[in-house]
Each structure stands twice: as structure tokens, then as C-alpha cells.
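no sequence for this one, just the structure:
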């Protein structure tokens with residue numbers, strides 16, 4: 001990231017059926033942006049003392065279940081960042097696992113957890129959208145990835 005070991009087109013031409021990278025400009029982005037928002041939100045909602053392995057595993061299952069229910073194909077195996085509902089679902093599952101693991105300081109019902117997560121995530125996204133619309137947060141330069149790739153290739157190659 002940002003330069004994959006092999007580019008998706010090369011991997012497919014070599015026979016790969018499913019290809020994933022850590023980059024969001026290719027299909028199947030696999031990196032912490034998939035799980036981190038829901039894991040952190042779920043842990044914070046119940047004030048978990050720590051993030052257990054089973055909480056992380058439950059998050060992985062929530063992501064997989066979400067993708068499976070909305071439909072998958074070789075170019076779309078994981079939820080995308082624009083599928084914001086996945087973060088509330090993942091947060092709820094992580095919160096429930098924290099409670100089950102005994103590391104939660106606040107006990108919520110499943111309904112309370114999903115409603116809280118969805119509300120908070122919706123409000124946060126609306127705030128960011130408003131800040132971007134008003135120019136308080138600038139959009140990244142369109143050529144940013146090209147610049148990063150050029151720099152990486154010239155300094156590594």
C-alpha cells in the first residue's frame with residue numbers, strides 16, 4: 001500500500017479469480033478501514049476494558065455476513081466504505097461480544113447497541129459531509145495517488 005506486490009489486472013491475467021488489495025481505488029479493498037470503525041465504535045459504546053480476540057473475530061464474521069447478505073461476486077467480496085450500515089452492524093456485534101467476554105463496563109441490549117451505533121455513525125457522516133460542503137475540510141487533490149505512486153516507484157525502484 002499504495003503499491004501492491006502485484007496489480008489486480010496482472011493477478012487476474014495470471015489466473016487469479018479473486019483479487020484484493022489494501023487500496024480503495026481497486027475492487028475488494030482489504031485493510032483496517034473495513035473493520036476498524038465498527039470495532040472501535042462497539043468497544044467504546046460499552047466502554048470495553050480491552051479489545052479481545054473474540055471481539056475482533058466477531059467483527060470479521062459481521063463483515064462477512066453483511067457482504068454475503070447483500071450479495072458477493074469475485075469483484076465485490078467485502079463491504080465498501082460507502083456502505084455505512086455495515087459499521088453499525090459491526091459495532092453492535094463487537095459490543096455484544098465485549099459483554100459476553102466480560103470486558104464491558106456498560107451493558108446494552110442488542111437493540112440499544114444497533115440504534116446507538118447507527119445514530120452516531122449517521123450523525124458523524126453528516127457532520128463530515130457538511131464540513132466538506134462548506135469548505136472546512138478540503139477534498140484531497142485528485143492526483144494524490146498518482147503522486148504517491150510516482151514517489152514510491154522513484155524511491156524504491
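Received the coordinates, thanks. This one's a predicted model, so the numbers in the text were calculated from it and none came from an experiment.

Tell me who's in contact with the closest residue in space to residue 12 that isn't next to it in sequence.
Excluding the flanking residues, the one nearest residue 12 by Cβ to Cβ, 6 or more residues apart in numbering is residue 19, at 5.9 Å. Just so you know, the C-beta spots here come from the backbone N, C-alpha and C atoms, and that holds for glycine as well. Applying Cβ atoms under 8 Å, 6 or more residues apart in numbering, we find residue 19 in contact with 8, 11, 12, 26, 27, 28, 74.

cutoff 10 Å now
Counting by Cβ atoms under 10 Å, 6 or more residues apart in numbering, residue 19 touches 4, 6-12, 26-28, 74-75, 77.

Give me the buried subset of these.
Among those, those buried by neighbour count (16 or more other Cβ atoms under 10 Å) are 8, 11, 26, 27, 28, 77.

Point me to the helix or strand that includes the fourth one.
Taking DSSP states H and E as the definition, residue 27 sits outside all helices and strands.

about what we covered before: among the contacts of residue 19, which are in helices?
8, 9, 10, 11, 12 (DSSP state H).

hmm, back to that, could the buried ones among the contacts of residue 19 be laid out in TSV, adding pLDDT and distance to residue 84?
Shown next, in TSV, are the buried ones among the contacts of residue 19 (pLDDT from 0 to 100; distance: Cβ to Cβ, whole Å):
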residue	pLDDT	distance to residue 84
8	90	25
11	93	29
26	87	20
27	89	19
28	90	18
77	94	18
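
Run through the chain and note the low-pLDDT ranges.
For the chain, applying pLDDT under 70 flags the ranges 1, 152, 156-157.

where along it do the helices fall?
Listed in chain order, the helices of the chain (DSSP H) span residues 8-13, 32-45, 53-70, 85-101, 110-133, 144-156.
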